[in-house]
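model the structure of this input:
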Amino acid sequence: MSEDRFLDGRIRVTQPDGGFRAGIDAVLLAASLVVRSGETLVELGCGAGTATLCAAARSPEGRFRGIDIDPDMIALAQANAAANGLAERAAFETGDVALGHMAGPVDQVFFNPPFFDDPSALRPPKPGKTRAYLTGDTSLADWVGAARRLLKPKGRVTLIHRADRLGDILTLLQSGWGDVAIRPIHPRADSAAKRVLVSARRDTKGALHLHPPLVLHDDAGGQYSAEAEAILRGRAGIVM
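Numbering: from 1, shown residues only. The predicted model follows:
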């Protein structure tokens, strides 16, 4: 196990040395959430709890639940919540997105779904990463469907994914969703987007909003841009 720090050290997360390890995607996902007082938010596929705990630290007015299929990761997430003093507002439980048997309704759902549907598309560097990177029997449609079942009418879903899956995401959000917002994430200003943040509201008909890109690095030297630095340190959010 190793301990990693997020939000300028405000959040400490213990996670396995091998297998899936949360990083910048989880922090960006948490930064994109706007939480109103008293709202309940659920993260699907929470792993060790990084995104949920970052969101809870950024939004003390909300209550959070993390759901994951792996009981070992849930135990780790619970320990991380306690270590960060967030156990009263961030609870974790086992659940399977494919089965969809999760208690709702809630105000918002957020997730960072597995990146590859085709097991031949990627062989993770360590066996423990397989579940995190490959959906197996769980498709992106299952994730969106699980979010819809959990949400109240007009509740919001937010996800981060590979930019090349944007077309698939928008197809899934064509029916029964509105107020779709898109924020491309580029490694550098002169490179193509690698990630995309997408949010939508259930049972609404609002127009699609395409926001300016978030550029993570100023140049090839690897320094974070001022905007990205502020977000990653928890001093700013991502407008969606």
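
what separation do you get for the closest residue to Asp218 other than its chain neighbours and Pro113?
In space, and not counting its chain neighbours, Asp218 is closest to Ser225: 5.0 Å by C-beta to C-beta, 6 or more residues apart in numbering. To be clear about C-beta, it is placed using only N, CA and C from the backbone, and glycine gets the same treatment. Remark: distance between Ser225 and Pro113 (C-beta to C-beta, to the nearest Å) = 26 Å.

give me the more crowded residue out of these two.
Ranked by neighbour count (other C-beta atoms under 10 Å), Ser225 and Pro113 place Pro113 first, with 23 against 17.

find the nearest non-adjacent residue to Lys205, please.
Gly178 (4.4 Å).

again, but for Asp17
Nearest residue to Asp17, sequence neighbours excluded (C-beta to C-beta, 6+ apart): Ser2, at 5.4 Å.

how about the one you found, what does it touch?
Thr14, Gln15, Pro16, Asp17 (C-beta atoms under 8 Å, 6 or more residues apart in numbering).

how does it look with 10 Å?
Val13, Thr14, Gln15, Pro16, Asp17, Gly18, Arg21 (C-beta atoms under 10 Å, 6 or more residues apart in numbering).

and the pLDDT at the residue nearest to the third one when sequence neighbours are not counted?
If I follow you right, that is Gln15. In space, and not counting its chain neighbours, Gln15 is closest to Ala48: 4.3 Å by C-beta to C-beta, 6+ apart. We have a pLDDT of 96 for Ala48.

pull the number of nearby residues for Ala207.
Ala207: 8 neighbours (other C-beta under 10 Å).

next one: Leu166
16.

that one and Arg156, how far apart?
Note on Leu166: its distance to Arg156, by C-beta to C-beta, is 18 Å.

just Leu197 next, same as before
12 Å.

mutual contacts of these two, please.
Joint contacts of Leu197 and Arg156 (C-beta under 10 Å, 6+ apart) are Phe110, Ala181, Met240.

partners of the host helix or strand of the first one in the sheet?
Translated: Phe110. For Phe110, the enclosing helix or strand under DSSP states H and E is strand 106-111. Paired strands of strand 106-111, with direction, are strand 40-44 (parallel), strand 151-162 (parallel) (DSSP bridges).

from the chain's centre, how far out does it sit?
The chain centroid and the centroid of strand 106-111 are separated by 10 Å under C-alpha atoms, centre = their mean, to the nearest Å.

buried residues in it?
With burial defined by 16 or more other C-beta atoms under 10 Å, the residues of strand 106-111 counted as buried are Val106, Asp107, Gln108, Val109, Phe110, Phe111.

next, count neighbours for Ile11.
With other C-beta under 10 Å as criterion, Ile11 counts 25.

what's the distance between it and Leu170?
32 Å.

from what I can see Leu170 touches Val180, true?
Yes - counting by C-beta atoms under 10 Å, Leu170 touches Val180, with 7.1 Å between them.

give me the common contacts of the two.
Val198, Ala200, Leu208.

out of those residues, which end up buried?
Looking at these with 16+ other C-beta under 10 Å, the buried ones turn out to be Val198, Ala200.
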